[in-house]
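Student: coords please:
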Amino acid sequence: MVSIPELWLPIVISAILVWLGSAIVWMVLPHHRSDFQKLPDEEAARNALRGASPGQYNLPHAPDMKAMQSPEMIQKYTEGPVGLLTMYPHGAPTMGKQLGTWFVFLIIVAILLAYLAGRVLPPGAEYLTVFRLVGTAAWFVHGVGVFSEAIWFGVPYKTAVKHSLDGLFYGVLYAGVFGWLWPG
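Tutor: Predicted structure coming up:
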């Protein structure tokens, strides 16, 4: 068994590498540029949504299952549009808070990966053994859950596949670092 404190270096280094890797994925590589589309009449939509506070919305909105099955609601669903909308606070986008929160999340993931690997693998485990376990678990965290968003919340499957491949890349980064720095 390997303790979490013994794995502090792979925890920190892997989180930093995944943070940098995700910056490259989102800011340099072009594959996510088509994930979002412009509304047909963006200004009319902006005017209609003005005053909506930050949060998640669905349209048409039914407060419960009974209302969802009413003839009026079925008509609204039939006519469309049907969708989900996330509203952010007003103001120019700033990335500082999200990037900081993302790094904290990556540290937490790395700690959980260390916990799992430390309970399953002995000191001196072979690089490839560590790589497989940590990489698979990391891919589950970053690359598999997005499919529930596609199934339930309308994220296009093409986008989910791209996120899953990003997650595979992140998993390889975690796995490589943990395999390289696994205690002997």
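Student: for Pro60, give its distance to Leu85.
Tutor: 12 Å (C-beta to C-beta, to the nearest Å). All C-beta atoms are positioned from the backbone trio N, CA, C, and that covers glycine.
Student: quick one: which of the two has more around it?
Tutor: More neighbours surround Pro60 than the other of Pro60 and Leu85, with 17 against 12 (other C-beta atoms under 10 Å).
Student: center of this structure, which residue is that?
Tutor: His142 (5.9 Å; C-alpha atoms, centre = their mean).
Student: correct me, but that one touches Gly171?
Tutor: Yes: the criterion here is C-beta atoms under 8 Å, and His142 meets it with Gly171 at 6.4 Å.
Student: pLDDT averaged over stretch 40-58, what's the number?
Tutor: In this model, stretch 40-58 has a mean pLDDT of 93.
Student: go on, stretch 160-177?
Tutor: Here the average pLDDT along stretch 160-177 is 97.
Student: for that stretch, which outside residues touch it?
Tutor: 10, 13-14, 17-18, 21-22, 25, 31-32, 35, 109-110, 113, 130-132, 134-139, 141-144, 146-147, 149-150 (C-beta atoms under 8 Å, 6 or more residues apart in numbering).
Student: pull out the buried residues from it.
Tutor: For stretch 160-177, the neighbour count (16 or more other C-beta atoms under 10 Å) marks 160, 162-164, 166-167, 169-177 as buried.
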